[in-house]
Each structure stands twice: as structure tokens, then as C-alpha cells.
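> here is my input; please provide its structure:
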Amino acid sequence: MPTQFETALTAMLQNAARQAGLVILSAEPGTDVNNHPTAKFRIGLGQDAAPERTLELELSEAFDFQKPDLLPEMTSHLREAARRLQNPQPDVYVTFAGLPIRFSGFRWPFHRSNSGSDTYIVHGTIHLEDGHESVLHTKISASMTVTFAEIVPAPEQPYAETFIYNAVRKTLDYGQLELLKSGNRQPVPVTTRYYSRWQKKFFFTDTTDESRMDFLTLKVYWLSGALGGNRPVWISDPRDAQYLNTTPEELTRMAADLSRQGLLSLTDDAASATPMLLGRAEFYQTKMAEALAATKPEFNEEMRQGHTNM
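Purely as a prediction, here's the structure:
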């Protein structure tokens, strides 16, 4: 590992990453938004990994995940990251409404709100990733209530990234985030409405078999066809399964159905776009445009033109 930054956390993570099939490419000291020390790691599948095929992991410098209540989720996070790194662009996702977005610049771990509210905050950015160097983006301020925080084993990236990313996607689906060329941070509230204490699981989007298959074709069109050079993408990502309120196994089953229809080229648990799917480009471009329009509050244009009685 090409770094001189060595801590007890570095040694722990090196061992855990190795077991997940990952390599720590770099490690360096950082600070969170309150200037508390963190450790920032860049991980990949090999030393020669291209920058776009790596992921960042940032943890509190004193964090110890080798505890019975913390180690399983850290292990799971790293294994999923290793599988996600086989995607052409592992930090790009699609929303149910039809937007391809890239997550970047998240400042982990959570920090207590400086505004006096009883919440925990994490900041980050999402960018529209449409293949045309779009400048549209949204600065995110995701807030987790104290009540919700009791559900989370630790306020660190491996234990929260999945539900934060899905809350962002769901907020976009609601049309409550606007993608702009510039602007202030926009809120993403994460509350217990997304979680069932009784079932001990997250709920984001009610879906049917048909809508899940629509999501899979949307995902493969963008992540494999439009943005990935037709390289295969992971079908049964547990992050997508949580977002769609289903299971990885169900996503695999539906991908097999889509393969039989000629829309996906499926190998094991990875799919690439077929010519039939790529032939629907106009449909997916229109769907993206409609999803973008839905994120733009109608009153904004009237206010910008001075047509308001406020």
C-alpha cells in the first residue's frame, strides 16, 4: 500500500479488505466537518485499478469495528464493494424515476447538527451522469433523527451508506431535490418512516414484478449501455434490492426473464445491454428528461419572473 499513514485502524482494515478480495490503494489522514480526525482509504480490486474503478472509505480514526455487533456489517460492506467495483462505474446508480446519478464527496462519519436541531448530518453531492458531461448536481445534507440513529450500529459509512443513498434516490423520486448548476445544500430527511422496527428492515419504494423489471432494464441501459461501454453490471446488488423493497434473489430471477425476452445479455449475476435494449435509447432519454422536470418546482419559474404574491 503506497502510504506512510499507519494506524491501528489501517491495519484492521487491510486485513478485512484482503478477506473481501480488495486492496487498499492509499490511506491518508483527514478530518470530518468538525475537524475530528478521520482516516480516508481508497480501495480497489488490484494495484492497477483505474481511478473510476475505485471507491473511497472514510472512517473515524479511532473507530474499532472488530466487535461482534459491528464486524458482520463491515464485512458485508466490503464484500459488496468488491462486487460493485466490477461495474464499469461503481459509484453510479439509477433512480426509479429514471435518473442516472453519481454519488461523490460524502464527508463521513455523521456529525451532530450545528443548527441546534437534534439530528445527525452527513454531507455529499450527487451529479447527473448522462454521458454528456452534465454540470447539473445537488449538494446533499442528509439528516438522521436521534430516534433513527438508535437503529444504526455506528454513525460510520459502512453502516449507513446504503440507506443514505437510497433515501437520496427516494427523495429524487418524490421530486424534492432539484439538480442545478450551482446552489446551496438541499435536505434529505431520513426518518423512521423508512424503517420497520417490527420487521427490522428498511422500506423505500413499493414495487411489483413489472416495475422491478422496468428498473433493471433502466439500470442496464444506463450503467452498461449508455455509460459503461456495454460492459456487464451487477444485477442483484443488495443496495438496489433494499431500494425496491425486494431481495437480491428476486432481482436475479427477473433478470433471467428479461434475458429470455432478449433485453439483457446475462452471464451469472451480471448483465449487459442487448441491441434490443439499446434500441430503446429515445425512451430512456425521454424518461430522464421527465424525471428532471419533476425535480424542478413549478413555482420557481414564476418567482424568478417576479410573478408572486408573497
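
> now do the domain split for the protein, please.
1-67, 209-282 (automatic domain parsing).

> nearest to residue 185, of those domains?
Closest of these to residue 185 is domain 1-67, at 11.6 Å (criterion: Cβ to Cβ). Bear in mind the C-beta positions are built from the backbone N, C-alpha and C, glycine included.

> hang on, the earlier thing: hey, least reliable of the domains of the chain by pLDDT?
Mean pLDDT is lowest for domain 1-67 among the domains of the chain, at a mean of 89.

> determine how far that one lies from the middle of the whole chain.
19 Å (Cα atoms, centre = their mean, to the nearest Å).

> so which bits of stretch 14-26 are buried?
Applying a neighbour-count criterion of 16 or more other Cβ atoms under 10 Å, one finds 14, 16, 17, 20, 22, 23, 24, 25 buried in stretch 14-26.

> who touches residue 264 in this structure?
216, 217, 220, 255, 258, 271, 272, 273, 274, 277 (Cβ atoms under 8 Å, 6 or more residues apart in numbering).

> return the member of those residues nearest to residue 191.
Nearest to residue 191 among the contacts of residue 264, with distances taken as Cβ to Cβ, is residue 216, at 28.3 Å.

> tell me the spacing between the closest one and residue 132.
24 Å (Cβ to Cβ, to the nearest Å).

> which one's more surrounded, those two?
Comparing residue 216 with residue 132 by other Cβ atoms under 10 Å, the one with more neighbours is residue 216, at 25 against 8.

> my read: the more buried one touches residue 258, true?
Yes - judged on Cβ atoms under 8 Å, residue 216 makes contact with residue 258 at a distance of 6.1 Å.

> now for these two: what residues contact both?
264, 271.

> return the closest of the buried residues of stretch 14-26 with respect to residue 112.
Using Cβ to Cβ, the buried residues of stretch 14-26 come closest to residue 112 at residue 16, 27.6 Å.

> residue 43 is in what secondary structure piece?
strand 37-44 (DSSP states H and E).

> C-terminal to that strand, what's the next element?
strand 55-60.

> mind giving me the packing neighbours of that following strand?
helix 8-19, strand 37-44, helix 71-84, strand 100-112, helix 157-173 (3 or more Cβ pairs under 8 Å, 6 or more residues apart in numbering; DSSP states H and E).

> and the angle for it with helix 71-84?
160 degrees (axes from the mean of the first three to the mean of the last three Cα atoms, to 10 degrees).

> who touches strand 55-60?
9, 13, 30, 32, 36-44, 65, 81, 84-85, 90-91, 106-109, 156-158.

> which of these count as buried?
9, 13, 30, 32, 38-44, 65, 81, 84-85, 90-91, 106-109, 156-158.

> take the contacts of residue 264 and keep only those in helices.
Among these, DSSP state H puts 216, 217, 220, 255, 258, 277 in helices.

> most neighbours, which of those?
residue 220 (30 neighbours).

> ok, now which ones touch the residue lying closest to residue 100 once chain neighbours are set aside?
Nearest-residue entry for residue 100: residue 222, 4.2 Å, with adjacent residues in sequence omitted and distances by Cβ to Cβ, 6 or more residues apart in numbering. By Cβ under 8 Å, 6+ apart, the contact list for residue 222 reads 92, 94, 100, 129, 284.

> do the same with residue 194
Residue 194 neighbours (Cβ under 8 Å, 6+ apart): 163, 166, 167, 170, 202, 203, 204.

> nearest to residue 50, of the residues you listed?
After measuring the contacts of residue 194 against residue 50 - Cβ to Cβ - the closest member comes out as residue 166, at 26.7 Å.

> now the closest residue to the closest one other than its chain neighbours: phi and psi?
Taking Cβ to Cβ, 6+ apart, and ignoring the residues beside it in sequence, residue 166 has residue 243 as its nearest neighbour in space, at 4.4 Å. With angles defined as degrees, to the nearest 10, residue 243 sits at phi -60, psi -40.

> so residue 243 makes contact with residue 96?
Yes - using Cβ under 8 Å, residue 243 is in contact with residue 96, at 7.4 Å.

> out of the two, which sits in the more crowded spot?
More crowded of residue 243 and residue 96, by other Cβ under 10 Å: residue 243, with 27 against 21.

> ok, that one to residue 93 distance?
Look at residue 243 and residue 93: by Cβ to Cβ, they are 9 Å apart.

> need the overlap of contacts for these two.
Residues touching both residue 243 and residue 93 by Cβ under 8 Å, 6+ apart: residue 169.
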